[in-house]
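*Asks:* Mind folding the following:
(one chain, ligands or ions: 1)
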Amino acid sequence: MLWSGHGRSRELVATTPEDRPLSVQIFSGRTEDLIRAAVWLQEQGYEGVDINMGCPMAKVNGSGGGARLMCSTDNAVRMVEQLIGAVRIPVTVKMRLGWDATTQTAPELAAAFEQIGVAAVTIHGRTRAQGFHGSVNRDGIRQVVQAVRSMPVIANGDVRTVDDAFQMLQDTGCAGVAIGRGAMLDPWIFRRIRQRVQTDAETGDGANTDPSPDEQMQFLEQHFELMQQQHAERSCVLFRKFAAWYGCTLGIPEDLEDRLRRFESAAEFARIVNEIRRRHGERARQVPTALLKVPNGPVEHW
Ligand SMILES: Cc1cc2nc3c(=O)[nH]c(=O)nc-3n(C[C@H](O)[C@H](O)[C@H](O)COP(=O)(O)O)c2cc1C
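*Replies:* This is a model prediction of the structure:
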């Protein structure tokens, strides 16, 4: 409900001038809602709009949105065409491979989207029925790449390392790779990939892309600073939910992680950060895979 001025939705699309170009994803089973949201985004200066056709959640699918749109291809194409006609900014689509193993409509949809002027599609290589289970079907993504002429297809799913990203490119022939959970596990994955690209092109110096302890601490501090700018007095409470993630990622000693989970002021945050710096290396760093929650179990109950 972006156009209604609903506080929570506006908060989700809050941004800064550095965060450009920025496209916002919207979802609905109703064309008029999508158009209203897209026009509002265009008026606010956002540079693109992405339609969610991949969400597997029952509450989104029940109203005809998300992955449900992939079940009725004519309807989906009509809807996207009307949206493209209503805005000047590029329209992209995020999809799964299809509803389930027997209805993999992504190649057909991608070909039709190209015809009507969709700027790019991103494919999560699972069906809606799979939820987040099983492995990503790169063959399925390749079929989407082969179904279009020149529209960029961005491949997505289970890319956690630089090698995964390059394997995805090689196996699917995609134009780019979208990284979700892998970026949360390793926020430095993008520069690692850039480094590999530059090294392969022999323009890079092969520098080590692992973040230094100082850089990791700057990341933590900057995260809190930005939250303060955006959320003011709520920032301490909101930041606490990242304590476990930082604890694992940066190897923060358990007692300090515990303090990060309870701190109540910026002054206390600064004291904790100083202490973390002083005691760096006390706790072995782990990959915080277990902290990445995905919707689980029968998709009807999400
Ligand atoms: C908690 C959670 C929320 C997500 N929300 C969205 C969403 O709002 N829109 C969307 O297109 N994909 C959403 N996704 C799916 C991801 O964009 C991505 O397609 C999926 O996680 C597979 O890629 P990954 O292995 O790189 O994470 C979400 C995934 C997770 C785990």
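*Asks:* When you work out contacts or count neighbours from here on, use the C-alpha atoms and nothing else.
*Replies:* Fine.
*Asks:* Now for residue 234, how many residues are close by?
*Replies:* Per other C-alpha atoms under 10 Å, the neighbour tally for residue 234 reads 12.
*Asks:* Check whether it sits in a helix, strand or coil.
*Replies:* Look at residue 234: counting by DSSP: H, G, I helix; E, B strand; the rest coil, its state is helix.
*Asks:* Report the contact partners of it.
*Replies:* Residues in contact with residue 234 (C-alpha atoms under 8 Å, 6 or more residues apart in numbering) are residue 228.
*Asks:* end-to-end on stretch 164-181?
*Replies:* Stretch 164-181 has an end-to-end distance of 13 Å (C-alpha to C-alpha, to the nearest Å).
*Asks:* distance between it and the chain's centre?
*Replies:* Centre-to-centre, stretch 164-181 and its host chain are 14 Å apart (C-alpha atoms, centre = their mean, to the nearest Å).
*Asks:* before we move on, what about stretch 22-32?
*Replies:* Taking mean C-alpha positions (C-alpha atoms, centre = their mean), stretch 22-32 and its chain are 16 Å apart.
*Asks:* Give me the buried positions along it.
*Replies:* Buried residues in stretch 22-32, counted by 16 or more other C-alpha atoms under 10 Å: 23-29, 31.
*Asks:* from these, which ones fall inside strands?
*Replies:* Judged by DSSP state E, the buried residues of stretch 22-32 include 23-26 as members of strands.
*Asks:* which of the buried residues of stretch 22-32 lies closest to residue 202?
*Replies:* Ranked by distance to residue 202 (C-alpha to C-alpha), these are led by residue 23 at 32.0 Å.
*Asks:* Next, the contact list for that closest one, please.
*Replies:* By C-alpha under 8 Å, 6+ apart, the contact list for residue 23 reads 46-50.
*Asks:* I'd like those residues as a markdown table, with neighbour count, distance to residue 227 and pLDDT appended.
*Replies:* Formatted as a markdown table, those follow (neighbours: other C-alpha atoms under 10 Å; distance: C-alpha to C-alpha, whole Å; pLDDT from 0 to 100):
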| residue | neighbour count | distance to residue 227 | pLDDT |
| --- | --- | --- | --- |
| 46 | 19 | 22 | 96 |
| 47 | 17 | 24 | 97 |
| 48 | 20 | 25 | 98 |
| 49 | 26 | 25 | 98 |
| 50 | 21 | 26 | 97 |
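*Asks:* Go through those and name the one nearest the ligand.
*Replies:* residue 50 (8.5 Å; C-alpha to the nearest ligand atom).
*Asks:* for that closest one, which residues make a bridge with it?
*Replies:* Beta-bridge partners recorded for residue 50 (DSSP bridges): residue 25, residue 92.
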